[in-house]
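Enquirer: Just to be clear, the model below is a prediction. Sequence and coordinates:
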Amino acid sequence: MTVTKALTGPPLTRDEAIEKVTGKARYAYEYHSQPDTAYAWIVTSPVAKGRVLTVDADHVLRSDDVIAVLWHENAPHLGDVGDPTLAVLQSPEIAYRGQLVALVVAKTPEAAREAAAQLPVEYEELAHDVVLTPDHASLYKPEKVNPAFETDTEQGDPDRAFDASPVQLDQTYSTVALHNNPMEPHATTAIWGENGSLTLYDSNQGGGVVQQLLAGLFELEKSQVHVINPHVGGGFGSKGMPRPNVVLAAMAAKVTGRPVKLAVTRQQMFSLVGYRTPTIQRIRLGAEADGRLNAIMHEVVEQTSTVKEFAEQTAVATRMIYAAPHRRTSHRLARLDVPVPSWMRAPGECPGFYAFESAMDELAVELGVDPVELRIRNEPEVDPETGNPFSSRNLVACLREGARRFGWRSEPRAPRNHREGRWLIGAGVAASFYPTYQMPASATASVDENDHYTVDINATDIGTGARTALHQLAAEALEVPLEQVTVRIGDSDLPAAGIAGGSMGTRSWGWAVTKACRQLREEGAKSVTANTKKDIEALGEYTRGSYGAQFVEVRVNQDTGELRVPRMTGIFAAGRIVNASTARSQFIGGMTMGLSMALHEEGLIDPVFGDYANHDLASYHVAGCADVGALDIGWIEEADEHLGGAGTKGIGEIGIVGTAAAVANAVFDATGVRVRELPIHLEDVLK
Amino acid sequence: MTTTDTRSQSTTSTLRLQVNGREHELALDHRTSLLDALREHLGLTGSKKGCDHGQCGACTVLLDGRRVNACLILAVTAVGREITTVEGLADGEDLHPVQQAFIDRDAFQCGYCTPGQICSAVGVLAEARSGWPSAVTPPEGGVQLDEAEVRERMSGNLCRCGAYANIVPAVLDAAAAELPAPGIETAYHEGESR
Amino acid sequence: MKPFAYAVAEAPVQAVHQLSARPGAKFLGGGTNLVDLMRLGVESPELLVDVTRLELDRIEPTATGGILVGAGVRNSDLAADPRIRAAYPMLSQALLSGASGQLRNMATVGGNLLQRTRCVYFQDVTKPCNKREPGTGCPARTGAHRDLAILGASEHCIATHPSDFAVALAALDARVQITGPAGDRALALADLYRAPDEDPSRDTVLDPADLITAVEIPTSREAHRNSLYRKARDRASYAFAVGSVAAGLSLAPDGTISEVRIALGAVAHKPWRARRAESALTGNPATPEQFRRAAELELAAAEPLPDNAFKVELSQNLIVAALSTLAGVEEA
């Protein structure tokens, strides 16, 4: 089949589909089960702040099955790579409950688990503080927010403009800690070679960064570390950087001289591999009677840990999503004795849009205007923060198309107006946005004597469909049928490329693949390696991003408060869509996770013990099959000539942005109850 | 059969497991779950470990034709049962209709929950053929698999990528494609009660 | 998980003997809760006696017109049984609302009744819990207690019993047949569970070597046939109840209530039979107002905590909704 360039590419099935449905696709823990393979098990701290005093390793080493116990007094020294979460077993200090304090290595997983449970560890325990409050004494202004945005911004005189506005909204919204919980727990199989090389089958969103940091930690050349990850069982940000599992597995393999397998348990994932910070967000909107915004203020309080700073960029997208002459955004962090927060799908935009798009709905109610119309009235001509033109911006088109497909009632909200039996019915809308990022990448295209093409790039397919999309882009650029092209990814021996994160994976890799393939074809060469660094530097001064509009129907039971979402419509404008099928899957996946955030997910910090009390999948609910109704997905065809590369934006994260606000807005429409704290519980709407 | 002496203090047993039509003799720690026996001892890594506590469904296999969570089954208790994993569903190169439907509907992304989803769906189809009700089945009349039925019946399999909206039509496609096949045996025997 | 010996029981008496002879031994049924708890370190038996190969997997009519359900019958088989569906709809519905299809295929009738609380402190061995380690305290009272008890709790424990099935059995006045070291006996399900009082570590009155062999469901009556189970939870499926009700109703020819059966789930250490509400309703008209009044009367004894106070209203609403449905009347 020949692929021709179109704004929407064909819905081809995934290259690895058969492996995945037959169980042949192998994940990180599924290599090297052989007689000398050892199994490592992490021991975590039951105290939230303090020090490890002693570890009685001999107590468990009496068992024939236990090979080694590692802790800070006997663990190999690690090089400093600037990330304290990777400096495992290097110090006795405990900064949060659930921090790893020791590692047991045994001949069987059963023995390793039991020895870890029995290992005597003595602690010095200090008082801890884990509760985020809006006026926490430790609040400070971080230098930058993730990844490198200004912490605070101000334009005009927002206080005065707000005070002078005839219509004012001043509300505070909060979100709880959210745990990424990819279905495949973080896992590594580590093998040291006789020549001092290290092979890692590791579950991550980018083998390149794992290779680089592990080389630093173990003081090796990068070329001595080989990271292999052909299949990764989801990540959603939590596998965007190496996690303790890969360092520990390598350490254990080095100490024992055996291949070592290590999986983080589901329970341990609630403390060891990152999560989304809780947020407290005050939003003030000052508007004219016709709904035009004069002032926007979005002030965010969130948490970080004491060992490593992570500053989520919650209010950053508020700087440019709607027009208003006066605006202020700020971020303050409380440094708490909590696990280290990190990236989770659309860090910043996701919690920020829940609050901001809820506030826009409240303003629409206040003004008595259709919430869709309110957004359209505040559409900016140029990026209101920078003054740059938009490379393309089709939010209005998404809102209009979504309203049409959903059957939106274009009128002011009149809550508690629709019911069927004991169910109250409502509809809500919210906008979505995710910026378009890109990272330099290299790709090699080559052709053999049988005219078969091979494209090599260390890209990572965590379920996004990247492998398939790159295959399609390669065939298109080579102008040959798909069958004539093989794409190889997921191996650090391949040309270097960035992570699957920031919705920039397929965009960045596709750019390099397209460039290498075009060059090979044009030059008639046998092999070409292309890099995109200069192309990216040459991008013009435009604001680039994907936009969307989400419409949600909610049903609320009058007797129980139970909330159901029978249908959602999501319309997106995200540049060129390479594969209609896998792209749709990305959008439905994001919206499903957004629905899950709105109604189910809740990391409950335990003030007494300092951990997330509900640290398993029975008590930390993620949306199940019965929670998800009909999903209608569409997109605006977008030819954006300022994107470079293959003309794609990013689609991995925008689906989760705005969903929770659309659900909360629909709950208001159904019940008249405005819920400003996620998740929405049945008791919030019970009467 | 297991060779365990019931009075013994032994914490291991030598036993035989029937997996995908083949018999395997294994010496196992009693603590070994069926899931770990498959993954670590038999090299059948298709069945996945997502939570190890029966809370996600990634480990779903068929035990005597019924879907179960292999993580909560001790391997030693599976002696004499016919175990079918995702590796045993296809007939050579010919995929099981559920596998094909999952591909056609793009009913997975990362693929980690997929073997469990597929085994679960095979179990769902057998249960529906047997007339087993679900929490959403109306009291009167038989079982008609529709979207609501499939959503409820597939709820024991979490998918963090959020492929549910594709999994449901995939299961319905497979239900429509399947030739009539015998249901699974139930404890109800006609005639006993009346 | 500690290493353990394993034995397959061949007869109930032998199984009981195996447990009596070895402290630290436990029966293994479907394993859906025990294996889970062993992996968490909450349970650490030295010997597991597998009772799933006993011939306790029959569903049979009794001489008196009831149904005897073997303790080894899997939840899914019982839920699908046409006799159960026709004569005791609340029972089938309760089973089907529990867990997942996979777990229902594994879980046994006996094991379902004996499952332990899902309180997060009970399940975490790094934290105190009076039920797991008597005398260590109950952090739930000031911690995560949204899912926990509002009725019948003590200062030592506010755990809830997680079973849906047991709620319907309580409403049906089912009896539990037991083979124990002293021989066979039967107990009303209502008498199986103990209040937490001073010692919440023991959920039931059973001896560790007592084996539940069967559950006896009484002869079907109108209030059994006209029955339902309604469960409210945080996910549409595959979640424990936040509140639930099993209810059955029969009306006299004049429209008054001749018999009503109500049991609540997720509110106490056991299925909570709403006897006060039942007696307030019997003989009275079947109206939503009467249902509301009776529900309020039943919940008057509730002692909720800040995060589970909503369960009072939720449970009242569930009673009113269930009875209104069964009576065929519209709620206000």
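Expert: Arrived safely.

Enquirer: can you pull the contacts of the residue nearest in space to the middle of chain A?
Expert: For chain A, residue A:345 is the residue whose C-alpha lies nearest the centre (C-alpha atoms, centre = their mean; 2.2 Å). Applying C-beta atoms under 8 Å, 6 or more residues apart in numbering or on different chains to residue A:345 gives the contacts A:180, A:236, A:237, A:590, A:593, A:652, A:653, A:656. Every residue, glycine included, has its C-beta placed from N, CA and C.

Enquirer: try it again with 7 Å
Expert: Residues in contact with residue A:345 (C-beta atoms under 7 Å, 6 or more residues apart in numbering or on different chains) are A:236, A:237, A:590, A:593, A:653, A:656.

Enquirer: ditto for residue A:169
Expert: A:284, A:285, A:359, A:362, A:363, A:366.

Enquirer: just these now: which is nearest chain C?
Expert: Nearest to chain C, judged by C-beta to the nearest C-beta, of the contacts of residue A:169 is residue A:362 at 24.4 Å.

Enquirer: Tell me how far that closest one lies from chain B.
Expert: 28 Å (C-beta to the nearest C-beta, to the nearest Å).

Enquirer: That residue is in contact with residue A:170, isn't it?
Expert: No - assessed by C-beta atoms under 7 Å, residue A:362 is found out of contact with residue A:170, at 10.0 Å.

Enquirer: What parts of the stretch 201-332 of chain C come near chain A?
Expert: C:232, C:234-239, C:242, C:310, C:313-314, C:317-318, C:321 (C-beta under 7 Å from any C-beta of the partner chain).

Enquirer: can you pull out the helices in the stretch 51-200 of chain C?
Expert: Secondary structure of the stretch 51-200 of chain C (DSSP state H, counting those that start in this stretch): helices at C:75-80, C:82-87, C:89-96, C:101-106, C:109-114, C:165-171, C:189-192.

Enquirer: and residue A:366, which of the three is it?
Expert: Assigned by DSSP: H, G, I helix; E, B strand; the rest coil, the conformation of residue A:366 is helix.

Enquirer: Just give me the neighbour total for it.
Expert: 15 (other C-beta atoms under 10 Å in any protein chain shown).

Enquirer: Domain parsing of the chain, as residue ranges.
Expert: I'll assume chain A. Domain assignment for chain A, taken from automatic domain parsing, gives A:17-25+A:439-537, A:31-127+A:183-234+A:239-272, A:144-178+A:275-436+A:542-684.

Enquirer: nope, chain B
Expert: B:12-88, B:97-177.

Enquirer: Taking chain B, what residue is nearest to chain C?
Expert: residue B:156 (2.4 Å).

Enquirer: so who does the closest residue in space to that residue that isn't next to it in sequence touch?
Expert: Spatial nearest neighbour of residue B:156, excluding adjacent residues (C-beta to C-beta, 6 or more residues apart in numbering or on different chains): residue C:100 at 2.4 Å. By C-beta under 7 Å, 6+ apart, the contact list for residue C:100 reads B:57, B:155, B:156, C:238.

Enquirer: again, only using 8 Å
Expert: B:57, B:155, B:156, B:157, C:237, C:238.

Enquirer: Could you export the domains of chain B as a markdown table, including mean neighbour count, mean pLDDT and distance to residue C:73?
Expert: Below are the domains of chain B laid out as a markdown table (neighbours: other C-beta atoms under 10 Å in any protein chain shown; pLDDT from 0 to 100; distance: least, C-beta to C-beta, whole Å):
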| stretch | mean neighbour count | mean pLDDT | distance to residue C:73 |
| --- | --- | --- | --- |
| domain B:12-88 | 23 | 98 | 13 |
| domain B:97-177 | 23 | 97 | 14 |
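
Enquirer: Would you verify that residue C:231 is located in a strand?
Expert: Yes - counting by three-state DSSP, residue C:231 falls inside a strand.

Enquirer: Show me what it bridges to in the sheet.
Expert: Taking DSSP bridges as the rule, residue C:231 bridges to residue C:244.

Enquirer: doesn't residue C:246 make contact with it?
Expert: No - using C-beta atoms under 8 Å, residue C:231 is not in contact with residue C:246, being 9.4 Å away.

Enquirer: Give me the more crowded residue out of the two.
Expert: Between residue C:231 and residue C:246, counted using other C-beta under 10 Å, residue C:246 has the larger neighbour count: 34 against 26.

Enquirer: quick one: pLDDT of that one?
Expert: Per-residue pLDDT puts residue C:246 at 98.

Enquirer: Check which element follows whichever helix or strand it is part of along the chain.
Expert: Using DSSP states H and E, residue C:246 sits within strand C:241-251. Using DSSP H and E, the helix or strand that follows strand C:241-251 in sequence is strand C:257-265.

Enquirer: Tell me the strands beside that next one, with direction?
Expert: In the sheet, strand C:257-265 lines up against strand C:241-251 (antiparallel), strand C:272-273 (antiparallel) (DSSP bridges).

Enquirer: Dump it to PDB, restricted to CA.
Expert: Only the C-alpha atoms of strand C:257-265 are listed here, as PDB (Å, rounded to 0.1, in the frame of the first residue of the first chain):
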ATOM      1  CA  ILE C 257     -47.400  -3.600  53.700                       C
ATOM      2  CA  SER C 258     -47.700  -7.200  54.800                       C
ATOM      3  CA  GLU C 259     -44.000  -8.000  54.800                       C
ATOM      4  CA  VAL C 260     -40.900  -6.000  54.200                       C
ATOM      5  CA  ARG C 261     -37.300  -7.000  54.400                       C
ATOM      6  CA  ILE C 262     -34.400  -4.500  54.400                       C
ATOM      7  CA  ALA C 263     -30.700  -4.900  54.900                       C
ATOM      8  CA  LEU C 264     -28.000  -2.300  54.300                       C
ATOM      9  CA  GLY C 265     -24.500  -2.700  53.100                       C
END
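
Enquirer: now that strand against helix C:89-96, angle please.
Expert: 10 degrees (axes from the mean of the first three to the mean of the last three C-alpha atoms, to 10 degrees).

Enquirer: Now do the same for strand C:257-265: mean pLDDT, whole number.
Expert: The pLDDT scores in strand C:257-265 average 98.

Enquirer: can you give me the offset of that strand from its chain's centre?
Expert: 16 Å (C-alpha atoms, centre = their mean, to the nearest Å).

Enquirer: Give me the spatial nearest neighbour of residue C:219, chain neighbours excluded.
Expert: Per C-beta to C-beta, 6+ apart, closest to residue C:219 is residue C:65, 3.8 Å.

Enquirer: hang on, isn't the one you found packed against residue C:217?
Expert: No - contact between residue C:65 and residue C:217 fails when scored by C-beta under 8 Å: they sit 10.2 Å apart.

Enquirer: of those two, who's got more company?
Expert: Neighbour tally, residue C:65 and residue C:217, criterion other C-beta under 10 Å: the higher count belongs to residue C:217, 26 against 11.

Enquirer: ok, the more buried one touching residue C:91?
Expert: Yes - Residue C:217 lies in contact with residue C:91 (C-beta under 8 Å); the separation is 7.2 Å.

Enquirer: Overlap in contacts, those two.
Expert: Contact criterion C-beta under 8 Å, 6+ apart; residues shared by residue C:217 and residue C:91: C:84, C:169, C:172.

Enquirer: What pLDDT does the model give the last one?
Expert: The predicted local confidence for residue C:172 comes out at a pLDDT of 98.
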